[in-house]
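*Asks:* Sequence and predicted structure are below.
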Amino acid sequence: MDKQNFFNDMQAKFSAALENSPAKDLEKNVKAMMTQGFSKLDLVTREEFDIQAQVLAKTRARLEALEARVAALEAQLSQK
């Protein structure tokens, strides 16, 4: 057996051993547990968070404009 075949055979055996190892099962179990845990939390995606931040900024600007308008109307009423 030449060196190249030996290394290819060893690599194939090593890859097969890792695929069937408990570490692979452990990784799958940890992922499943984390996914289940995250689903119980009230989390949002970054995209949803950014959208809500934009909505909040627009709402805040609209509120400030309305407050200024009310103040101007109150000032007009108090002058009469």
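*Replies:* Nice, I can see it. Numbers count the residues shown, from 1 in each chain.

*Asks:* Number of residues surrounding residue 31?
*Replies:* Around residue 31 there are 10 other residues, counting by other Cβ atoms under 10 Å. Backbone N, C-alpha and C define where each C-beta goes, glycine included.

*Asks:* do the same with residue 57
*Replies:* Neighbour count of residue 57, defined by other Cβ under 10 Å: 10.

*Asks:* What are the boundaries of the helices in this structure?
*Replies:* Along the chain, counting by DSSP state H, helices occupy 3-19, 22-40, 46-79.

*Asks:* Dump these to JSON lines, plus mean pLDDT.
*Replies:* Listed next are these as JSON lines, based on pLDDT from 0 to 100:
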{"stretch": "helix 3-19", "mean pLDDT": "76"}
{"stretch": "helix 22-40", "mean pLDDT": "80"}
{"stretch": "helix 46-79", "mean pLDDT": "96"}
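
*Asks:* what's the domain layout of the protein?
*Replies:* As assigned by automatic domain parsing, the chain contains the domains 1-42, 44-80.

*Asks:* Look up how far residue 75 lies from residue 67.
*Replies:* For residue 67, the distance to residue 75 equals 13 Å [Cβ to Cβ, to the nearest Å].

*Asks:* now residue 59
*Replies:* Here the criterion is Cβ to Cβ. By it, residue 59 lies 25 Å from residue 75.

*Asks:* For residue 44, give me phi and psi.
*Replies:* Per-residue torsions, residue 44: phi -120, psi 160 (degrees, to the nearest 10).

*Asks:* To what extent is the residue nearest to it when sequence neighbours are not counted buried, counted in neighbours?
*Replies:* Nearest in space to residue 44, with sequence neighbours left out and distances taken as Cβ to Cβ, 6 or more residues apart in numbering, is residue 52 at 7.6 Å. Neighbour count of residue 52, defined by other Cβ under 10 Å: 11.

*Asks:* for residue 4, same thing?
*Replies:* Counted by other Cβ under 10 Å, the residues lying close to residue 4 total 8.

*Asks:* repeat for residue 24
*Replies:* Residues lying near residue 24 (other Cβ under 10 Å) number 11.

*Asks:* can you check residue 16 too?
*Replies:* Using other Cβ under 10 Å, residue 16 has 10 neighbouring residues.
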